[in-house]
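Colleague: Build me a model from this:
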Amino acid sequence: MRAFVRMMTEYNRWANDRLFADCRTVDPVEMNRDFKAEYSSIHGTLDHILLVDRLWLARFANLPDPFTSYQDMVTEDFDELAEQRAYTDEDLTLFSDSVTEAQLAKDIQFSTIRDPQQLAQPLGSAMVHLFHHQSQYRAQVQVFLHMLGARSQILDLLHFQCQTRLGVISFP
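Modeller: As a prediction, this is how the structure comes out:
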């Protein structure tokens, strides 16, 4: 499980770097265009991913949730959002580098935000959720970029694995 977590952490950083580079090609006004989606805009969706990553990192460290709503905004400024994204990716990397197999198997306890309830879940399973959440919402941003006629790089996990050789056993 630890090797999977490390690979997905590297994939996360790689995908975020590519997606943010794509977003820098879009007119700043279009970054806040309302697509009638869950988090409205490209910026809103990227901010939501960051917010949830920080929420989970706090939970992993047994700290109080830093946000009370998924509608909270970390920042309205794209440059600051990109900077905060990079800092959070580094925090996730540091955490992933230090986590052990035993810790990944141990339950963490937390309260949900949307439908408040107390839950316990193995840390490894919670990390799988974090990685899935990131991918789900990055895909939405890619759709928005395509709707604007903007270029979007491939974010496919297998593409990442072929480029980095992480998580692939052999290449014929």
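Colleague: When you work out contacts or count neighbours from here on, use the C-alpha atoms and nothing else.
Modeller: Noted.
Colleague: can you map out the strands along this protein?
Modeller: Remark: strands assigned in the chain by DSSP state E are 107-111, 118-122.
Colleague: Give me the residue at the spatial middle of the protein.
Modeller: Central residue of the chain (CA atoms, centre = their mean): Gln134, 3.4 Å from the mean position.
Colleague: Neighbours of the spatially closest residue to that residue that is not a sequence neighbour, how many?
Modeller: Nearest non-adjacent residue to Gln134, counting by CA to CA, 6 or more residues apart in numbering: Ile49, 6.0 Å away. If you count neighbours by other CA atoms under 10 Å, Ile49 ends up with 21.
Colleague: again with the one 10 residues further on
Modeller: Close neighbours of Arg59, defined as other CA under 10 Å, add up to 19.
Colleague: picking up where we left off before, in this structure the residue nearest to the centre of the chain contacts His48, no?
Modeller: No: counting by CA atoms under 8 Å, Gln134 stays clear of His48, with 9.4 Å between them.
Colleague: Let me know which of the strands of the chain is tucked in deepest.
Modeller: Compared across the strands of the chain, strand 107-111 shows the largest average neighbour count, a mean of 17 (mean count of other CA atoms under 10 Å).
Colleague: ok, now how distant is Arg138 from Asp89?
Modeller: Distance, Arg138 to Asp89, using CA to CA, to the nearest Å: 14 Å.
Colleague: same deal with Arg2?
Modeller: Distance of Arg2 to Asp89, given as CA to CA: 17 Å.
Colleague: The two: which has the busier surroundings?
Modeller: Shown here are Arg2 and Asp89; by other CA under 10 Å, Asp89 has more neighbours (22 against 17).
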